[in-house]
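Q: take a look and give me a structure for this.
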Amino acid sequence: MLLVGLTGNIASGKSTVARRLVAHGATLVDADLLARQAVRPGTPALDRIVARWGPAVLAPDGVLDRGELRALVFQHDDELEALNAIVHPEVGRLRDLAVAEARARGDRVVVCDIPLLFEKDLAGEFDCIVLVDAPRTVRLERLVHDRGLREPEAMAMIAAQMPAELKRARADYVVDNDGSRAALEARVDAVWAELAARADSLTPPARPA
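A: Numbering: from 1, shown residues only. Okay, the predicted model is just below:
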């Protein structure tokens, strides 16, 4: 099994790349989905979040109000670190479980979508790293116009992550998302061809009957 780390700064187009890889046959382990599972009502992580930031971070139905929490933490480094210390260990546990299940099934290529892969020093856990990148101005525009965030909030979210230039130097493959959808898909397809070849090289040849 080839274990791939997929990363990219916010609004780089990482989710689009992930969907394309899944269409080619990859198994996806999505950190955003795991993060939502980690803070479901009744979980210890959600209890700790409410204890620190108060019941205002909960929606009326008891689900975490991610927008309200984001407004409280993203412009304060110490608050963001406190949140990450609560959520990330549980996300890591859920990811390890998903990868173990994929390995037991015999899945060929498993892609772990992890926004903070480099920030959390997780690169060494993977056979290779795919980085999705887009210019900072493009990412800011996507956050403001596509996701409806206020510009100061969007800028704070961008600033909270490691600069893409540092990530590019450490990635095995870089997918630039600075053009059309067709251009992006062609770049992902080229990366997939290389990932598939690497996965094949890890698979022992079948024994003759």
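Q: can you tell me the closest non-neighbouring residue to the most centrally placed residue in the chain?
A: Compute the mean C-alpha point of the chain, and by C-alpha atoms, centre = their mean the closest residue is residue 114, 2.8 Å away. Closest residue in space to residue 114, ignoring its immediate chain neighbours: residue 31 at 4.8 Å, by C-beta to C-beta, 6 or more residues apart in numbering. For the C-beta atoms, the positions are set from N, CA and C on the backbone; glycine is no exception.
Q: who does residue 175 form a beta bridge with?
A: residue 132 (DSSP bridges).
Q: how many residues are close by it?
A: Using other C-beta atoms under 10 Å, residue 175 has 23 other residues around it.
Q: flag every buried residue along the helix or strand of the chain with the lowest mean pLDDT.
A: Lowest by mean pLDDT, DSSP states H and E among the helices and strands of the chain is helix 151-159, with a mean of 85. Under the neighbour-count criterion of 16 or more other C-beta atoms under 10 Å, helix 151-159 has 153-158 buried.
Q: likewise for stretch 79-88?
A: 80, 82-84, 86-88.
Q: that older thread, does the residue nearest to the centre of the chain touch residue 8 like I think?
A: No. Counting by C-beta atoms under 8 Å, residue 114 stays clear of residue 8, with 9.7 Å between them.
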